[in-house]
Each structure stands twice: as structure tokens, then as C-alpha cells.
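One predicted model, sequence on top.
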Protein chains: 2
Amino acid sequence: MNFNQMLLQKQTEVNKRLNELLDIGGIPEILHKAIKYSVEAGGKRIRPILTISITEALGGNVSDALDFGCAIELIHTYSLIHDDLPAMDNDDFRRGKPTNHKVFGEAIAILAGDSLLNFAIEVLCQKTIDSNNLNYIKAINEIFKASGARGMIAGQAIDITSENKILSIDELYKMHSLKTGAIIEAACTVAAYISNREDILEDIRQFSRHLGIAFQIVDDILDFIGDEKKLGKTVGKDSKSNKATFVTILGIEEAKRIAKLHTQKAINIADNIDKTGFLTKLTEYLLVREN
Amino acid sequence: MNFNQMLLQKQTEVNKRLNELLDIGGIPEILHKAIKYSVEAGGKRIRPILTISITEALGGNVSDALDFGCAIELIHTYSLIHDDLPAMDNDDFRRGKPTNHKVFGEAIAILAGDSLLNFAIEVLCQKTIDSNNLNYIKAINEIFKASGARGMIAGQAIDITSENKILSIDELYKMHSLKTGAIIEAACTVAAYISNREDILEDIRQFSRHLGIAFQIVDDILDFIGDEKKLGKTVGKDSKSNKATFVTILGIEEAKRIAKLHTQKAINIADNIDKTGFLTKLTEYLLVREN
């Protein structure tokens, strides 16, 4: 199998497991529909694929890693639903489809986001009870430190209070390391806990930080030059709303150069973590992606 | 010490621990302020006091119960912030103070709620790691099943989609057993897990269900006849907005009779769980409270 086939296979596995996890009774119909709408809207499933592939490379339990990765994807999806709300970024489209609140209304969208965050915990608790492994609690702790008020939510708070402000490049790095970087970092580091390989936790952390920065810079570049249809969201929205981006601060060429630099640093570590080469190819793919 | 002194002592303990837990760095200032604003706005701290007092009665670790109770109070507070939002119940006052979004704006209020839910998990993970006790995961699982899309959030979804609809008494029971009952139930049942007393889990569950119904009926009665100043929120709001309540469906006298009935059933079980009598007195107090 070549890289693209392996990537597709992993995406299919993640989507299948997400569907299984969400196929439960006892949720009011409109809420259940709203939850599934956003989860099934797709996305690249990069976070769970990172969790799975690093766990595979470390010889850990890949089935458990799949549930951890899916829980992280649920958290990621909740954050997108809340970020898109009128009071926040006020976005009408996401992944080529109307945003959750455009379809289900604001109240249900808020509750759908809340539900996904809650549900992620349920999935992780169940996995920990089933596996009877206290190390999994450390992995859960890592995830919610990353998604909380000192992580992802802090990044979003800085982002919404920074519109029309001139951010320095350091402030921009900090904002993105929290808003998108922290949860990508957790998606990678939990693999070390699942695999009982805390000895290389710091290597994985460094890998994930370089990857996270490169990922966000590429997002900004795509927002600036990308093809609206491929991205599935309104292009140029960030620059129109006077939000600082890596492109507006650094210029397009310098942004590309720095994205490549961090990708190379991530690859240097990936080569050591995953001898199969999949993690390296995934890192390269994230640099050259078109959406 | 009489009951009132014991209650005040426990409330003070809970407030002190909540302050300690929230006194952390790394949260953007406005978000940190918004989080503390709603947590410090007070309330009776009934949920953590239930967790603590049942754990005490069962001979469990009360210091661990305090953190579990505080985490449940954080979840309760997040749900209030989100429920008060304009897209939901659109409330301007809560516990005698302007609601979170009235002070900090909708975006920060949404993020403050998200942060509290996240933070509850962090507190519970840390406690579980420190105690090295896998039974605690079962307690955490119980909490988030109660607060999720099959529990508290389901209740809120039913509530907001039921305005101007005629609910049957059974539908009203169901809605409240989810919206307020589930988390009260979890506040009680976690004490059994913390104390390794799963043998009386079902007794505690029955106690909490009777207590939860009585609690909600008293809330509806207070909303109907209560003194606005003591309640700290707008009185008669539910009946004005055509929401079904136990009072509008049953009438005031029948509502009072049923609240007393469930209180008595709860007391019959409480007498067996807690030989010190505190839990019984707490149950009585919740029936005759004025806010």
C-alpha cells in the first residue's frame, strides 16, 4: 500500500469507529442529529491518525489508541461548533456545509458542542475501565489540560479578544500553540502513555510542536491563496476581519519558508519515532496539502 | 454543633476548596475573571455537600470526596452559564447578580462554561492519579454520563424545545430527572465508589432520585410564590414564558404534597445511610428552604 492508500484506510477506520461510538440511544433526536451532523461532516481526521500511527510505531494497543484518537476528534469537533457561533467567529460554512447553528439553531449548537466534550470523557472513562490501566488516566489528563482554559480555550479567548489588534509574531505563535497546537500535541503524546513509552514522551512532544506550528502556518497560507472549493470554507476571511495571521505578519514567502523549516524539524524526529516511514510521510503531506 | 452550623461549615469548606482549585496561572485574565465570577457567585453548594456527607457516613476519604463534589459544582456552574445565554433561557440575573454573559459578553461566557466543564475533568483526573484508585474512574464515568447528552444536556434540550408545548406530568418528570436529577444522583452515587461501598449504590440512587424530584418541585413552588430578593432571580419567569412546571400542571397544593411525599421517601433511606442524622436533616432542609 502506498501512503495515500494507508491514509485513506486510517481515515475510514476512524470514521467507522466514530459512527459506532455515536450510535447510541437516549439522546433527544434533534440533539443527536446535530451531534452527528458535525462529526460526520468529515475533516482529515489528522488528530486521531496521529494517535493511531504513533501508537502503532511504539508497539502499543492500537484499538485503544483508536478510541483515544476518536475522543480527541470529538473534542476538536466541539471546539469547531462553538468557535463558529455568531458570538464567536460567526462562520456560516465549515467543511463545505452550513455550520451547526445555521442548521439547528444556536441553542442546539451550543448543547451539541457541550455534548461532544462530555461524550469524549465518557469514551475515555469506558476505555480506562475496560483496560484496567491507570496509565490511561495520565493520557486523559494530558488531553483535558490541552483542551482547557490553559490550552485550547485560552487560545480561542486570546483570538477573539485580539481582532483589530496588532499582534507580534511571538503573540501569534503563542495564540496558535494554544488554540491548535495544544490538542495536536495531546493527540501525539497520549500515544506514549498508551504504549507505556514515557521514556520518549519529550521527543514526541517536540515532534508535535514543530508539526503544530507548520500545520497552522499552512492553514494561514491556504486561507490566503487557497481554492475556496477545496477548502470548503470562506477564503480570505481572516485577513478580511483584520485578524493577524502568519501570512499578514511574515508575508507569503517567509511563511512558506518557516512552515518548511518546522516540517523538516518534525521529520527529523519522526524518522526516529516511526521506522516504517508513515509518520514522516504524514508530516510531509500536511505541508503540501490543499485543504 | 447544630444542623445549620454544620451546613455552614461544609459550605465554607467547599467554597475554600473551590477557590484553591481555581487559583491557577495560565488562564487569560478576562476568561479567568469570568470563570471565578460565576463560581464565586455562590449558591447553596448542595451537590458537593451531598457528596461529602454521604462519603462521611460511609467512612470514605472525605478529602477526595471534597474534590469530587467541587468538580460536580463546577459542572453545575458551567450548565448555569450556558443555560442563561440569550440563545437558551436568556436570563439576566442569577443568584442576585447579572448573569455571566451580561458582564463578560456571550463569547467569553460560552468559553467560561466550556472551561469549567474541562476543568472539572482535570480536577478528577488529578485526584485519581494521586489516589492511584481505579474505582475513581467509575465515579468519574457516573458523573459524565449524568452531565452528558443522555443526562443533563438531554434535559436542557427537551426544556428549550418544549416552550409553549403542553407537557404531561410524565414528560415533566422525565425532563427534570434529566436536567436537574441526573447530576444530583451522581453527586450522591460517587460517594459509594469513593468509599468502596458499591453494595449500597442502589439505596443511594433511590435516595437521590426522591431528593431530586422534591428539589425540583420546591424550585417550581419557590419560582411561583417565592420572594424575589431571597431567590436572587426573576420570580414567575417560568410561568410567564409558558413553561410547564409542577405548579402549573399540578396546582400549588398538590405540588407541595408531592414534594413532601418524595422528601419522606428520601428520609426513610437517608436514616439508614447516615446514622448521624445529617443527611436526614439536609433532606428536610431542602424541602423548607426559601431559596
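Sure, I can see it. Just so you know, these numbers come straight off a predicted model, no measurement behind them.

What segments of the stretch 1-150 of chain A are strands?
A:93-94, A:97-98 (DSSP state E, counting those that start in this stretch).

Burial check on A:Arg289, number of neighbours?
A:Arg289 is flanked by 15 other residues according to other CB atoms under 10 Å in any protein chain shown. Backbone N, C-alpha and C define where each C-beta goes, glycine included.

Mind pulling up the pLDDT for it?
Confidence at A:Arg289, expressed as pLDDT, is 89.

I'd assumed A:Ile221 was in contact with it.
No. Between A:Arg289 and A:Ile221 there is no contact under CB atoms under 8 Å: 10.4 Å.

Per-residue pLDDT of the residue nearest the centre of chain A, please?
With distances taken as CA atoms, centre = their mean, the residue of chain A nearest its centroid is A:Arg47 (4.9 Å). At A:Arg47 the predicted local confidence, pLDDT, stands at 98.

repeat for A:Glu228
Confidence per residue is given as pLDDT, and for A:Glu228 that number is 55.

Please apply the same query to the one 5 residues further on.
What the model reports for A:Lys233 is a pLDDT of 63.

residues near the closest residue to A:Ile108 other than its chain neighbours, how many?
The shortest distance from A:Ile108 to any residue other than its chain neighbours is 4.9 Å, reached at A:Ala34 (CB to CB, 6 or more residues apart in numbering or on different chains). One way to gauge burial is a neighbour count; for A:Ala34, by other CB under 10 Å, it gives 28.

A:Ala34 contacts A:Ala107, doesn't it?
No. At 10.0 Å, A:Ala34 does not count as touching A:Ala107 under the criterion of CB under 8 Å.

what's near enough to touch the residue nearest to the centre of chain A?
Contacts for A:Arg47 (CB atoms under 8 Å, 6 or more residues apart in numbering or on different chains) come out as A:Gly69, A:Ile72, A:Glu73, A:His76, A:Ile183, A:Ile184, A:Ala187.

tell me the SS of A:Lys243?
coil (DSSP: H, G, I helix; E, B strand; the rest coil).

next one: phi and psi at the closest residue to it other than its chain neighbours?
Of all residues beyond its chain neighbours, the one nearest A:Lys243 is A:Glu163 (6.0 Å), with distances taken as CB to CB, 6+ apart. The phi and psi values for A:Glu163, taken as degrees, to the nearest 10, are phi -60, psi 140.

before we move on, what about A:Asn132?
Per-residue torsions, A:Asn132: phi 60, psi 40 (degrees, to the nearest 10).

contacting residues for the residue nearest to A:Ile108?
The contact partners of A:Ala34, by CB under 8 Å, 6+ apart, come to A:Asn100, A:Val103, A:Phe104, A:Ile108, A:Ala109, A:Leu111, A:Ala112.

What pLDDT does the model give it?
A:Ala34 is assigned 98 on the pLDDT scale.

burial measure for A:Gln11, as a count.
Residues near A:Gln11, counting by other CB under 10 Å, number 17.

distance of A:Leu21 from A:Ala149?
Spatial separation of A:Leu21 from A:Ala149 under the definition CB to CB, to the nearest Å is 26 Å.

more neighbours, these two?
A:Ala149 (27 against 20).

wait, doesn't that one sit right on B:Leu31?
Yes. Using CB under 8 Å as the test, A:Ala149 is close enough to B:Leu31 to be in contact (5.9 Å).

all helices for the stretch 1-150 of chain A, in order.
Remark: helices of the stretch 1-150 of chain A, listed N- to C-terminal, are A:3-22, A:29-40, A:46-58, A:62-84, A:100-104, A:106-131, A:135-147; assignment by DSSP state H, counting those that start in this stretch.

which parts of the first one are buried?
Spelled out, it's helix A:3-22. A:Met6, A:Leu7, A:Lys10, A:Gln11, A:Glu13, A:Val14, A:Asn15, A:Arg17, A:Leu18, A:Leu21, A:Leu22 (16 or more other CB atoms under 10 Å in any protein chain shown).

Give me the helices and strands touching it, please.
The criterion is 3 or more CB pairs under 8 Å, 6 or more residues apart in numbering or on different chains; DSSP states H and E, and the helices and strands that helix A:3-22 contacts are helix A:29-40, helix A:46-58, helix A:62-84, helix A:106-131, helix A:278-288.

how far off helix A:106-131 does that helix point, in degrees?
Put simply, helix A:3-22 runs at 100 degrees to helix A:106-131, going by axes from the mean of the first three to the mean of the last three CA atoms, to 10 degrees.

can I get the CA coordinates of helix A:3-22 in CSV?
In CSV, the C-alpha atoms belonging to helix A:3-22 read as follows (Å, rounded to 0.1, in the frame of the first residue of the first chain):
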residue,chain,number,x,y,z
PHE,A,3,0.9,6.4,1.6
ASN,A,4,-2.3,7.7,0.2
GLN,A,5,-4.0,4.3,0.5
MET,A,6,-2.7,3.9,4.1
LEU,A,7,-4.0,7.4,4.9
LEU,A,8,-7.4,6.6,3.4
GLN,A,9,-7.6,3.3,5.3
LYS,A,10,-6.9,5.0,8.6
GLN,A,11,-9.4,7.7,7.9
THR,A,12,-12.0,5.0,7.1
GLU,A,13,-11.2,3.2,10.4
VAL,A,14,-11.6,6.5,12.3
ASN,A,15,-14.9,7.3,10.6
LYS,A,16,-16.3,3.8,11.2
ARG,A,17,-15.4,4.0,14.9
LEU,A,18,-16.8,7.5,15.3
ASN,A,19,-20.1,6.2,13.9
GLU,A,20,-20.1,3.3,16.2
LEU,A,21,-19.4,5.4,19.2
LEU,A,22,-22.2,7.9,18.3
